[in-house]
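Q: Pasting the sequence and the predicted coordinates here, then a few questions.
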Amino acid sequence: MSWRALALATLSFAISFAAWGLIGGLAPVFTDLYHLSASQTALLVAVPVLLGSLARLPMGMLTDRFGGRAMFTILLATSAVAAWVVTLTNSYQSLVAAAFFIGLAGSSFSIGAAFVSRWTPKAMQGTALGIFGLGLLGQSAAVFGGPVAAGAWGWQSVFGGVGVLLLVWAIVFALFARDNPSAARPAGVGAMIRVLRQEPVAWWLGAFYFLTFGGFVAFSIYLPTLLRSQFGLTPGDAGFRAAGFVVLATLMRPIGGWLADRIGGAQVLSWVFGGVALFALFLAWPSMIPFTVGALACAALLGLGNGAVFKLVPERFARDTGTVTGLVGALGGLGGFFPPVLHGVFRDTIGVTWPGFVLLSLTALALRAANQRVFHPADV
């Protein structure tokens, strides 16, 4: 395994995700600045996140074709320009347009995962991709550090500083990163599309990531609101508890990859889905102690599941890792936005949110059954 490639990719992922998370982290600043409604703020936050998720598929395909060194360098430089453009905005409409382009930074996951997997022996890919996943902490830093920095130096300086960092790191990555010359690549776009059309296993992996990573995203963006509305916590206390969820889930990701290397990704996912099915019901209990137990348990389990899924991706699709990673990553990112919407609908229509957690439990049980049928026999 190339530790240099892993370190460069992980840092690139963290910096890209910090840029990706800045719009969401500074949303309260923009809400006050432009006197936004709740729906306008939601659109502003959703635009970069959704684009970052959807762009993972084409970026993964391009990485399979042209290599991670070129694609990561281009993405970092493009994101630097997008961050700088944000500083020039002076209206809500121009800010949304700029947020759309900075969302491309969120596609960095599929580039980095393909880049790392091509340098890593099969027996260690779960561990390596789990370590790479620690780059998610970059988003956490933006969400919780961005407002502090904006209060001290202004939001324009925050985006400008991140833009400079992205550009400098693009140069560093281009100078020091190398593609593995022995890695096989697909013949062309047609071969990549055939993988997506003819391999249902890739879509099952996407479904698993829809829950594990989608659950992580949903909790990270919605947990502060849920804690404030359901338990009356202060914004600071709710934010601190949400930060604990994000950090725990992120730190468990490499452990999930390490476990998957030793006992198989499907075995880990079997435990994960069974555990989520149980602890999601704790979240439906309108009391702080069981809710906290359920939230922390789900954080640990979702982190383990994220690591396990990306043990299976390069294991099953060594030749098309970037393409399948893009598909799986896109579905995982999209999975983060359905739970908040459903919870909002439940709260507005029947005044409670517990049916959403029951639905999460049932979904986890269904995916556990699918995992047992599609993957588990090959990994025991």
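A: It's in.

Q: The helix or strand hosting Gly21 - contacts with which helices or strands?
A: Assigning secondary structure by DSSP states H and E places Gly21 in helix 3-25. The criterion is 3 or more Cβ pairs under 8 Å, 6 or more residues apart in numbering; DSSP states H and E, and the helices and strands that helix 3-25 contacts are helix 38-54, helix 68-86, helix 92-102, helix 108-117, helix 125-132, helix 137-153, helix 155-176. Bear in mind the C-beta positions are built from the backbone N, C-alpha and C, glycine included.

Q: What mean pLDDT does the third one get?
A: Average pLDDT, helix 92-102: 90.

Q: Identify all contacting residues around that helix.
A: Helix 92-102 is contacted from outside by 19-20, 22-23, 30, 34, 36, 40, 43-44, 47-48, 51, 78-79, 81-83, 85-86, 88-89, using Cβ atoms under 8 Å, 6 or more residues apart in numbering.

Q: Pull out the buried positions in it.
A: Of the residues in helix 92-102, those with enough neighbours to count as buried (16 or more other Cβ atoms under 10 Å) are 92, 95-96, 98-99, 101-102.

Q: still on that earlier bit, most tightly packed of the helices and strands packed on helix 3-25?
A: Of all these, helix 108-117 carries the top mean neighbour count, a mean of 30, counting by mean count of other Cβ atoms under 10 Å.

Q: And what about Asp179, helix, strand or coil?
A: With DSSP: H, G, I helix; E, B strand; the rest coil as the basis, Asp179 sits in coil.

Q: now swap in Thr120 and tell me
A: Of the three states, Thr120 takes coil according to three-state DSSP.

Q: That one and Gly130 touch, don't they?
A: No: using Cβ atoms under 8 Å, Thr120 is not in contact with Gly130; the gap is 11.0 Å.

Q: before we move on, back to that, tell me the one of the buried residues of helix 92-102 nearest Leu11?
A: Nearest to Leu11 among the buried residues of helix 92-102, counting by Cβ to Cβ, is Ile102 at 18.7 Å.

Q: residues in contact with Leu54?
A: The contact partners of Leu54, taken as Cβ under 8 Å, 6+ apart, are 330, 333-334.

Q: actually Ser91, sorry about that
A: Neighbour list for Ser91: Tyr34 [criterion: Cβ under 8 Å, 6+ apart].

Q: try 10 Å
A: By Cβ atoms under 10 Å, 6 or more residues apart in numbering, Ser91 lies in contact with 34, 97.

Q: tell me the phi and psi of it?
A: Dihedral angles phi and psi of Ser91 (degrees, to the nearest 10) take the values phi -150, psi 160.

Q: Quick check: the gap between it and Gln40.
A: 12 Å (Cβ to Cβ, to the nearest Å).

Q: what does Leu278 give?
A: Distance, Leu278 to Gln40, by Cβ to Cβ: 38 Å.

Q: I'd like the helices and strands packed on helix 3-25 as CSV, with distance to Phe245 appended.
A: Written out in CSV, the entries for these read as follows (distance: least, Cβ to Cβ, whole Å):
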stretch, distance to Phe245
helix 38-54, 17
helix 68-86, 26
helix 92-102, 24
helix 108-117, 20
helix 125-132, 18
helix 137-153, 10
helix 155-176, 24
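
Q: Of these, which is nearest Leu11?
A: With Cβ to Cβ, the closest approach to Leu11 among the helices and strands packed on helix 3-25 belongs to helix 155-176: 7.2 Å.

Q: packing partners for the closest one?
A: Helix 155-176 is packed against helix 3-25, helix 27-34, helix 68-86, helix 92-102, helix 137-153, with contacts defined by 3 or more Cβ pairs under 10 Å, 6 or more residues apart in numbering; DSSP states H and E.

Q: is it possible to export those helices to CSV including distance to Asn306?
A: Formatted as CSV, the entries for those read as follows, by distance: least, Cβ to Cβ, whole Å:
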stretch, distance to Asn306
helix 3-25, 13
helix 27-34, 25
helix 68-86, 20
helix 92-102, 24
helix 137-153, 13
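
Q: so which of these comes closest to Thr250?
A: Here helix 137-153 is closest among the helices and strands packed on helix 155-176 (Cβ to Cβ), at 5.5 Å.

Q: could you check the angle helix 3-25 makes with that closest one?
A: The directions of helix 137-153 and helix 3-25 differ by 50 degrees, with axes from the mean of the first three to the mean of the last three Cα atoms, to 10 degrees as the criterion.

Q: how far off helix 155-176 does helix 137-153 point, in degrees?
A: With the same axes, to 10 degrees as the basis, helix 137-153 and helix 155-176 are set at 140 degrees to each other.

Q: Number the residues from 144 up from this point.
A: Okay, using 144 as the starting number, the last item reads as helix 280-296.

Q: list the contacts for the closest residue to Arg371 other than its chain neighbours?
A: Computed as Cβ to Cβ, 6 or more residues apart in numbering, the closest residue to Arg371 that is not its neighbour in sequence is Ala381, at 4.9 Å. Ala381 is in contact with 366-375, counting by Cβ under 10 Å, 6+ apart.
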